[in-house]
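Novice: quick one, fold the following:
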Amino acid sequence: MIYDVVVVGAGPAGSTAAKFLADQGVKTLLIDKHMYPRDKPCGGVLSVRTLQRFPYIADDLIDAYSLGGSISSSSLRYMAKLQKEIPIAAFVIRKDFDYGLVKYAVQSGATFKDGTTVVDIQTKKDAIQINLNDGEVLSSRLVIGADGIWSVVAKNSGLGQHYPHIGRCLFQEYSVESSLLDQYFTENRFFQFYLKFMGINGIGWVFPKKNSVNIGIGEIQPSALSLKKKPHLKDVYTKYLAILKEKKLIPSTIKIGAMQGGVLPLHPLEKTFADRIVLCGDAAGLMNPLTGDGIHYAMSSGMFAAEVCTEALEADDTSVAFLSKYQRFWKDDFGEEIALCRFLLKRLLKHDDEKYVKLLSKDPQLVDMFLSMMNTQLRIHDYKWKLIKRFIYIYMKDLFGL
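Specialist: Below is the predicted model of the structure:
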């Protein structure tokens, strides 16, 4: 079978790319190794700007909205809070959300093939050959790799993978009655972040949804090899849950079950395009290392990939030179944001988190500015220097006891 574009991976990046391609009449195949609907290791958070950029996302794919949250220092001594009158985040159940995005792509005209693994891709003179695990061989003018952090497309195209820049996490989605969630997180579903719990080089989170709460902890790793050197993240998670219960921050009825684990990219690949190929989402390393938001970058990169691939087909130019504009698109849109958040996370984890959270707790305006920067469609340039100036002001004010 011959296609214009084959999209490998049906997560938010791949499904979005397939939808936008099909909307333009491009003959598109969307494939995934899992049978759908399938679960996905994730906290399940959407920023408001994602809903603004993709207004076709139906409300029934949103499980709950949050109007505020808090971030606590490692000792739990300091806590910065923010509460708004409108939602600042949306929570989703990834099994339902991802399947909903696949349905949008199919409704637009894309063909979907699940339960199928790509085992090899080979770039030929006039097309790309895609070999599947069932023996079928496909041919396509372009391929979009949206197949996760260990992307087969990235590996086989020579674009590389994320070994030096990964993190790991453990979490569980606990079923909890809505009335009990109201008691602990109010009807406004206030989320919680915890820095460097038990000294771990990372962040813990609590995301309350409609009838469940997602509780997890993530750790930054300098290299993939360190995954074998620190096997005790499960013990940290167990202690984390116990302390949250002890402090009455989560319901005491929550019991640890089978935890889920995941590996996350912390840095974009140096190059996200090749001859006849572009990479999106986790496959390209497009995730916010500070907030953990990967869905916005995944869907946005999928949209940009679809735009560039459509232009390439129209121009009959699928060369690496033509596709290079894809990387310029996503870098202009959110590349600086990822870099800034990576810098901020390093500062928070390298230095005394107590000091930073103390400063945040004294200045809700600073927290509001940061969330505004992360949660609107405005470019980061509109907020970055305002944020830095405000932080310096609060720092000096605290230093001199004013």
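
Novice: list the buried ones in stretch 271-281?
Specialist: For stretch 271-281, burial by neighbour count (16 or more other CB atoms under 10 Å) applies to Lys271, Thr272, Phe273, Ala274, Arg276, Ile277, Val278, Leu279, Cys280, Gly281. (Each C-beta comes from the backbone N, C-alpha and C, glycine too.)

Novice: ok, now stretch 47-66?
Specialist: Buried, per 16+ other CB under 10 Å, within stretch 47-66: 47-51, 54, 57, 61-66.

Novice: ditto for stretch 254-263
Specialist: Ile254, Met259, Gln260, Gly262, Val263.

Novice: what about the buried residues of stretch 47-66, which are in helices?
Specialist: Among these, DSSP state H puts Val48, Arg49, Thr50, Leu51 in helices.

Novice: find the nearest non-adjacent residue to the last one, please.
Specialist: To tie it back to what came earlier, the one meant is Leu51. Ile57 (5.9 Å; CB to CB, 6 or more residues apart in numbering).

Novice: which pLDDT value belongs to the one you found?
Specialist: Predicted confidence (pLDDT) for Ile57: 97.

Novice: check Asp293 too.
Specialist: 80.

Novice: that one: neighbour count?
Specialist: By the criterion of other CB atoms under 10 Å, Asp293 has 21 neighbours.

Novice: contacting residues for it?
Specialist: Val45, Leu46, Ser47, Met287, Met374 (CB atoms under 8 Å, 6 or more residues apart in numbering).

Novice: with Ala306 instead?
Specialist: Counting by CB under 8 Å, 6+ apart, Ala306 has contacts Thr16, Ala17, Ala18, Lys19, Phe20, Leu21, Gln24, Val26, Ile144.

Novice: which stretches of this structure have low pLDDT?
Specialist: 162-164, 221-231, 349, 370-388, 390-402 (pLDDT under 70).

Novice: 50 instead, please
Specialist: Counting by pLDDT under 50, the chain has low-confidence residues at 222-228, 231, 402.

Novice: biggest helix in it by residues?
Specialist: helix 295-315.

Novice: helices and strands around the helix or strand following it, which ones?
Specialist: Moving toward the C-terminus from helix 295-315, the next helix or strand (DSSP states H and E) is helix 320-323. On a contact count with 3 or more CB pairs under 8 Å, 6 or more residues apart in numbering; DSSP states H and E, helix 320-323 meets strand 273-274, helix 295-315.

Novice: what does the first one contact?
Specialist: Meaning strand 273-274. With CB under 8 Å, 6+ apart as the criterion, strand 273-274 contacts Thr123, Ser157, Gly158, Leu159, Leu279, Val320, Leu323, Ser324, Tyr326, Gln327.

Novice: which one of those residues has the most neighbours?
Specialist: Leu279 (33 neighbours).

Novice: surely Lys271 and Leu159 touch.
Specialist: Yes - the pair Lys271 / Leu159 is scored as a contact, 5.8 Å apart, by CB atoms under 8 Å.

Novice: can you give me the helices for the stretch 151-300 of the chain?
Specialist: Along the stretch 151-300 of the chain, counting by DSSP state H, counting those that start in this stretch, helices occupy 152-156, 178-185, 226-229, 233-246, 281-284, 295-315.

Novice: need the residues that contact the second one.
Specialist: Yep, that's helix 178-185 we're talking about. Arg189, Phe191, Pro208, Lys209, Lys210, Asn211, Val213, Lys248, Leu249, Ile250, Pro251, Thr253.

Novice: what sits against the third one?
Specialist: It stands for Pro208. Ala64, Ser66, Phe91, Val176, Leu181, Tyr184, Phe185, Arg189, Phe190, Phe191.

Novice: TSV please, covering these and showing distance to Pro41.
Specialist: Listed next are the contacts of Pro208 as TSV, based on distance: CB to CB, whole Å:
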residue	distance to Pro41
Ala64	19
Ser66	20
Phe91	15
Val176	19
Leu181	22
Tyr184	24
Phe185	22
Arg189	21
Phe190	24
Phe191	18
